[in-house]
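**Q** sequence first, then the predicted structure, then my questions.
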Amino acid sequence: MKISIEWLSELLSNGSRVRDRLSELEERLPLAGLEVKGRHSQGAHISQVRVARVESFEKHPQADRLRVCQVFDGKQTLQIVCGAPNVRQNMIVAMAPVGSLLPNDLKIEKAKIRGVESFGMLCSGKELGLTDSTDGILDLDAGAPVGAPLVDFLGLKGEVWEFELTPDRGDCLSHLGIAREVSRFVGGEILVPKFEVIDTKGKDVALLSVEVHEPQLCPYYSLQLMDGLGDQKTPEDARQRLESLGLRSRSAAVDATNWVLMELGQPLHAFDADEIRGSRINVRFARSGETLVTLDDKTLSLHPEDLVIADAERPLALAGVMGGKSSAVKDSTRRVVLECAVFDPDCVRASAKRHQLHTDSSHRFERRVDAKGVELALGRAVSLIKQWTQGKVKGACVVSVNKKYGLKTEVNPLNLDLRYFRDVTGLDVTSDDLVGPFNSMGLVASAKSKSLIKVDVPSYRHDLLREIDLVEEGARLLGYDKIPTSYPKQLVATKCATSSVADQIRSLKRRSAELGLTQVMPYSFCGPKAEAVLPHAAWVRLENPLSREWSLMRPSLGFGLLETMARHVGLGQPRGAFFDLGSVFEDSTKREEFSADSKARKTGTCEPLHLGWCLLGKRFGEHWSTDKAGTERKEDFDFFDAKGVLEGLLPNLAGIDPRWTSVEFQSFDGVDEARWLNDLSWVPRDLLHPYRSAVLRLPSKSGDYVGYVGELHPGIRADWLNLPTGFQISAVLAEVRIFGDLLRELDSAAAMSSSSDKRKSFSVDGRIRASSLFPMVSRDFSFVVEPGLKASELMKALKKALQGRPINEVKLVDRFVLPDGQCSLSLRLEMQAMDRTLAEGEIAEIQGLVMTTLKDVLKASIRA
Amino acid sequence: MSILLRLESFANEFQSKLAVAHTLESLEELRVEAFGKKGSLTEILKELSKLSPEERPKVGAKANEVRESLSADLNQKIEVIRKKQINEKLLSDRIDVSLPGRIRNPVAEHPIEIVTDELCHILESCGFKIELGPEVEHEWFNFDALNIPANHPARAMQDTFYIMDRAEKVILRTQTSPVQIRTMLTLQPPIRMIAPGRVYRSDYDATHSPMFHQVEGLLVDESTNMGDLKGILALLVSEFFGMDLTVRLRPSFFPFTEPSAELDVQCVFCKGEGCKICKQSGFLEVGGCGMVDPEVFKSVGVDFHKYRGFAFGMGVERLAMLKYGIQDLRSFFESDHRFVSQFSRFRS
């Protein structure tokens, strides 16, 4: 909100002190809760721009859209090339001469434009920072003095404060409101501007009547007819002042309403009385199909919940937001009807939002106006119109008041207990410390006892309704800097509900980084391209997305990781290992257990926590020592790198040590289709290589699928990674579900933290094995098996055969495929007992068991 | 020839052979030739038995003396050659230590993670515990319970994303404050909690991201006041920025706190002198705070006559930008390892 410092000073008996203390006030007002965004000297940026006249113009010989104008600047005629479509002969324009500097550091120089010399620039309102309009150059009044500085003509010389106010301080949205705050610092009285006393009881000829159909949305409505308006214009200084605050001067009556809005904060509207059909004004809801053409020529299709001001036939204005064009006051208007009302904040907000019309009027109604100030505001407007146009009041003011709808015109009596004040703020004060500051703000405060202050809150302070509000007001007036710094006294360790979940998340992130993955945080949104990949996922959709590409909540971290990889390809950095850990989203409204119970405040959304990672390009960066003869294949990241990451994470993830507890990796073709549609609906199966990918199943639970690891499908790689044609790169994607729903996890953590059993429910392997001090013996076995034999089957068979034997570990140490397709494997068996050195006989026996198993069970042929 | 003479000539011969032996192999040959089972000295010593008992000890002693002395010479020479060989080997193994080493990827956590963790660690040391909540929220937790009724202007302050197809209004949380509500509904006071997390607002330009992060703190007990809030915040920012900084509370408005304040920190760049970054004010705005509004306590059933509380919230991106001098908000979400990997050095 803009505040003219000159105007502000006029409202204060000590107004002259304002100008002397600008910097001090700019420091003190923010510390009282009124944020000063800046002080502008109006027109400082455009001081060199002059009023000029277009003598003549012709089309540019080389460019259809350019004009070559001869412009008279009061002394000489200059040739200026201009691209605006609205140039015409004798137009009065704003001209920036050569050497001037415009806003945005645009420096005007002598230039040749398509071969024609140009000595300056004709400016649009936007280029000068005056208006937002870009349709052509500024079209000034015909009477503007050619040659004069533009700022003088527009009256842009005063200084203006730009305030950014919090929504609770509707009372400060005017010069009067700011004056009340400033008076505290400069002293003196508020000078209430001159106003006409309005006759609201008059039984004069009923020229107009009002019917308020929705009194709950319009508790106060008044109309005053004025006639005999002359065609005088708003006085120059008033016009300039309004322009300096960004209000375009129109007719005198409209200027008067704007003046009152700025001065007192009460929005008013002026109708052309001769355009009102019938004599009754209705304040009612819009009817279906009704439209309103606004002052700025937009046609609004009205909504049945829009409150409108209507005559006998049609809506004239959108209540509290904007007037219509049909009844707008024109220069020729001789009779006006002034409206001064109180509209319901929510109703105005809804209409303003619905039609995207945020106006000075709606802004103030939304933040509540002073119901006690309405008569003063109307009287002030009447007084200005009389003064500016010789208009006269005609008849009595027509008023409709409905006090039962929360129209606050009386003071609100409150008590403030100083002990409460001290307990909340830490400030130990006496009643004397607060009564003075309260009174300086127009609150009527008096000490009732040693520790109690009675405060009468004036009607305009909508933010002071409770004792706690007075605590804030008192602290604000004394200054928050007076609050002494202290520390919480209670040192007892507090309980926690869910921090165990946070701890687990933290350690997983740390561990992922330690495994060499770089953390990324792509947006949680995705779009139709992702949706096409997962048609069966339970998508969570945004009602008001920023774009179609960001209209869905991610059901998998895979898409963000794919984007991450694509980005690195695009950056020419096609190598890396990344992870993301965070929530994914699933619609749960269609699940059986979901019921939309408003008391339960359910969101109908599950938030599983996922950890995902991806590996792109070469496993190792280029290094001077790398064996350049090594085959391409071995240097690229593949399935097993990503699987290795998972195995490294398993202890943190699920309390599993993969050396001892097997986790099942299942090929895609081994998974039931029903599973794909249900518990795996979030897995981007179609983006993965069907035979170089796996889903992961945890051993403990009932065969729950918890993740996937897979190389990208060669068919989609170029598209999803934005690969240049002919460019090949390896990419692996993996993701695991840490838990199925954050809220449920938090609830069970909270339940757990209040019970004595703190063990994690999924801790699979709680034992710690002692390390043997006796020698370890290892034996290697080399053999050939059929290609169909899976490593997991081999291991399973051996483990079964060696059950109960002193075995440390069975490792696969070599594997290669022979020309005939058979598979040559080498195993290393590590034997060690806790309590003895193994005897030769025992070793031989174990070796024998292995050989038998290999030969008989696995049909392997032992190599020499 | 007497044994003594033979010993002498053996010794002379040995010495002359030793002088020309320069490899470990030839020295070993010499040893075998001289001292082996069939060696020259063994042959000579066989003659000892032919001597008289008087002469035998004398000559035997002499023979031992010769053996010891020659062996020592031989061993010494072996040692010299070994050393020489080792030195040659070491020299030939010489590397250029200035060549680049093999780096494993350094631990690279996201700056948002690092800043969030740091804030949490500082507050955890003050007895606050981390609490979490969902990102998709029922609007009651995000607004109503926080004294932001429908149509309140404060709802318009935070442009909210709504979830489609829900019977009730379900949103992406616009702040971490709903975690306060969830925690107060779960735990009885005293409460000290921090809620770090991701929040969303439908705003996207150079200085706004539709997704960003906050850290929120709440303390509820029977005796706390605004001075404690100041104390905790001063401690938090001083620890976080690693220098003694003063904080300034500036009156403001939030529906869920009363009194409410903006949290300003003494400018970390100019130490309050006034610079371009703090726009000459000497202070930087880093968050909002205040005393929990009684309406909030009412909505979660905490006795507001008995308990008081303070709450504060800060933007993680903002703090990270200030601490690390990051210019562009978007860099946090662009997933560029050249950006993220730089932060491994800031991990405490």
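**A** Everything's here; your move.
**Q** look up how far chain B lies from A:Lys75.
**A** 41 Å (C-beta to the nearest C-beta, to the nearest Å). For the C-beta atoms, the positions are set from N, CA and C on the backbone; glycine is no exception.
**Q** any idea whether the spatially closest residue to that residue that is not a sequence neighbour is helix, strand or coil?
**A** Distance criterion C-beta to C-beta, 6 or more residues apart in numbering or on different chains; nearest residue to A:Lys75, sequence neighbours excluded, is A:Gly147 at 6.6 Å. When the structure is reduced to helix, strand and coil (DSSP: H, G, I helix; E, B strand; the rest coil), A:Gly147 reads as coil.
**Q** correct me, but A:Gly147 touches A:Ile92?
**A** No - using C-beta atoms under 8 Å, A:Gly147 makes no contact with A:Ile92, being 11.0 Å away.
**Q** more neighbours, these two?
**A** Legend: neighbour count by other C-beta atoms under 10 Å in any protein chain shown for A:Gly147 and A:Ile92, higher for A:Ile92 (19 against 14).
**Q** hey, what's that one bridged with?
**A** A:Arg53, A:Leu140 (DSSP bridges).
**Q** over to A:Ala84. Which of the three states is it?
**A** coil.
**Q** need the contact list for it.
**A** If you count contacts by C-beta atoms under 8 Å, 6 or more residues apart in numbering or on different chains, A:Ala84 has them with A:67, A:122, A:124, A:136-137.
**Q** got JSON lines for the residues you listed, with pLDDT and neighbour count too?
**A** Output for the contacts of A:Ala84, formatted as JSON lines (pLDDT from 0 to 100; neighbours: other C-beta atoms under 10 Å in any protein chain shown):
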{"residue": "A:Arg67", "pLDDT": "89", "neighbour count": "19"}
{"residue": "A:Leu122", "pLDDT": "90", "neighbour count": "25"}
{"residue": "A:Ser124", "pLDDT": "84", "neighbour count": "21"}
{"residue": "A:Gly136", "pLDDT": "80", "neighbour count": "16"}
{"residue": "A:Ile137", "pLDDT": "86", "neighbour count": "25"}
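**Q** need the residues you listed in CSV (columns: distance to chain B and secondary structure).
**A** Output for the contacts of A:Ala84, formatted as CSV (distance: C-beta to the nearest C-beta, whole Å; DSSP: H, G, I helix; E, B strand; the rest coil):
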residue, distance to chain B, secondary structure
A:Arg67, 35, strand
A:Leu122, 31, strand
A:Ser124, 24, coil
A:Gly136, 28, coil
A:Ile137, 29, coil
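**Q** now do the buried residues in the host helix or strand of A:Lys811.
**A** Per DSSP states H and E, A:Lys811 falls inside strand A:807-817. By neighbour count with 16 or more other C-beta atoms under 10 Å in any protein chain shown, strand A:807-817 contains the buried residues A:807-808, A:810.
**Q** go on, stretch B:27-41?
**A** B:27, B:30-31, B:34-35, B:39-41.
**Q** make TSV from those and add distance to chain A, pLDDT and secondary structure to it.
**A** Output for the buried residues of stretch B:27-41, formatted as TSV (distance: C-beta to the nearest C-beta, whole Å; pLDDT from 0 to 100; DSSP: H, G, I helix; E, B strand; the rest coil):
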residue	distance to chain A	pLDDT	secondary structure
B:Leu27	38	91	helix
B:Leu30	41	90	helix
B:Arg31	36	89	helix
B:Ala34	42	87	helix
B:Phe35	38	86	helix
B:Gly39	41	84	coil
B:Ser40	46	85	helix
B:Leu41	43	83	helix
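**Q** separation between B:Leu233 and chain A?
**A** 9 Å.
**Q** wasn't that residue part of a strand?
**A** No - counting by three-state DSSP, B:Leu233 is not found in a strand; it is helix.
**Q** count of neighbours near it?
**A** 25.
**Q** so what's the residue lying closest to it once chain neighbours are set aside up against?
**A** Nearest non-adjacent residue to B:Leu233, counting by C-beta to C-beta, 6+ apart: B:Val247, 4.9 Å away. When contacts are counted by C-beta under 8 Å, 6+ apart, B:Val247 touches B:230, B:233-234, B:237, B:263-266.
**Q** switch the cut-off to 6 Å
**A** Neighbour list for B:Val247: B:233-234, B:265 [criterion: C-beta atoms under 6 Å, 6 or more residues apart in numbering or on different chains].
**Q** got it, and A:Asn104?
**A** Neighbour list for A:Asn104: empty [criterion: C-beta under 6 Å, 6+ apart].
**Q** repeat that for 10 Å
**A** A:45, A:127, A:129 (C-beta atoms under 10 Å, 6 or more residues apart in numbering or on different chains).
**Q** and of these, the nearest to A:Leu407?
**A** Taking C-beta to C-beta as the measure, A:Leu407 lies nearest A:Gly129 of the contacts of A:Asn104, at 40.9 Å.
**Q** I'd say that closest one and A:Ala94 touch.
**A** No - counting by C-beta atoms under 10 Å, A:Gly129 does not reach A:Ala94; the two are 11.6 Å apart.
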